[in-house]
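K.L.:
Curious how this folds, go ahead:
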Amino acid sequence: MDQIRLEQVMPEPLENTDVSQSNIWLQKASFQKGLNYQVFAASGKGKSTFVHLLYGIRNDYKGHIWFDNKPIDQLTNALWANIRQTSLSIVFQDLRLFPHLTALQNIQVKAVLQPSVASVAEIEAMADRLGIAHVLNKPAKTLSYGERQRTAIIRSLVQPFDFLLLDEPFSHLDEQNIAKAAELIQEKCTANRAGFVMTSLGYEYVLRIDQKYAL
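P.N.:
Take a look at the predicted model:
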């Protein structure tokens, strides 16, 4: 996938919200593979909704979204499954880990459908870099929120992708751990010749940002 494009998109739950300062809602916006984007807004302006629309888990919107030249409302479930295995990866704001599975098992979930995901050794190396190697074999429910957030970041990086969707991925990390996670994200995006779309409250992180959007 080389491009994500939006035109006149407006989520139905936000129809009575003032979006006059947005350059995404009810506007034209595009995202190119290999470039990095920051989408910033205050709480309640639809950051998670925006990410969920791009990932195809919400369809309560007006307007048009295209992947390359294909309208996403015409994608079959099988095509969506393939896109999520090969073209789109995501870190949800609420992480969506399985609480009774270990951190390692949560990271390996995609391996059930896609054997090409990272090996255990590669996962362990990433976990070591992010300071969570010691909790890989512990159930997710026993981890701190910051440890769970880093687990979710690694899970998003073990599969192939053209675009990485990051919904406030650093909200529970301190400055040192943000720097480590940002470095790994940038490295994996470069290796995949991919880009990311990251929502935030507007904070500047140690990531290369090619374009910023206000939501």
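K.L.:
make it CA atoms for all contacts and neighbour counts henceforth
P.N.:
Noted.
K.L.:
what about the spatially closest residue to residue 103 that is not a sequence neighbour, distance to residue 155?
P.N.:
Nearest residue to residue 103, sequence neighbours excluded (C-alpha to C-alpha, 6 or more residues apart in numbering): residue 136, at 4.8 Å. Distance, residue 136 to residue 155, using C-alpha to C-alpha, to the nearest Å: 12 Å.
K.L.:
out of these two, which sits in the busier spot?
P.N.:
residue 155 (25 against 21; other C-alpha atoms under 10 Å).
K.L.:
Make sure that one is actually in contact with residue 105.
P.N.:
No. Using C-alpha atoms under 8 Å, residue 155 makes no contact with residue 105, being 9.7 Å away.
K.L.:
who touches residue 215 in this structure?
P.N.:
19, 21, 22, 23, 24, 25, 39, 40, 41, 45, 46, 47 (C-alpha atoms under 8 Å, 6 or more residues apart in numbering).
K.L.:
Show the pLDDT at the second one.
P.N.:
This means residue 21. Listed pLDDT for residue 21 reads 91.
K.L.:
quick one, phi psi at it?
P.N.:
phi -90, psi 0 (degrees, to the nearest 10).
K.L.:
quick thing: my sequence starts at 798, can you match it?
P.N.:
In the new count, where the first residue is 798, that last one comes out as residue 818.
K.L.:
Burial check on it, number of neighbours?
P.N.:
10.
K.L.:
can you check the last one too?
P.N.:
Counted by other C-alpha under 10 Å, the residues lying close to residue 844 total 22.
K.L.:
how near is it to residue 810?
P.N.:
Distance from residue 844 to residue 810, by C-alpha to C-alpha: 13 Å.
K.L.:
What of the third one?
P.N.:
With the distance defined as C-alpha to C-alpha, residue 819 ends up 16 Å from residue 810.
K.L.:
The two - which one has more neighbours?
P.N.:
Ranked by neighbour count (other C-alpha under 10 Å), residue 819 and residue 810 place residue 819 first, with 15 against 11.
K.L.:
Check what pLDDT the closest residue to the more buried one other than its chain neighbours gets.
P.N.:
Counting by C-alpha to C-alpha, 6+ apart, residue 819 lies nearest to residue 1012, which is 4.5 Å off, once chain neighbours are set aside. Residue 1012 carries a pLDDT value of 92.
K.L.:
What of residue 999?
P.N.:
74.
K.L.:
Please tell me I have it right and it contacts residue 837.
P.N.:
Yes. Counting by C-alpha under 8 Å, residue 837 is a contact partner of residue 999 at 4.9 Å.
K.L.:
Among those two, which residue is more densely surrounded?
P.N.:
residue 837 (21 against 15).
K.L.:
Perfect, I'm done here.
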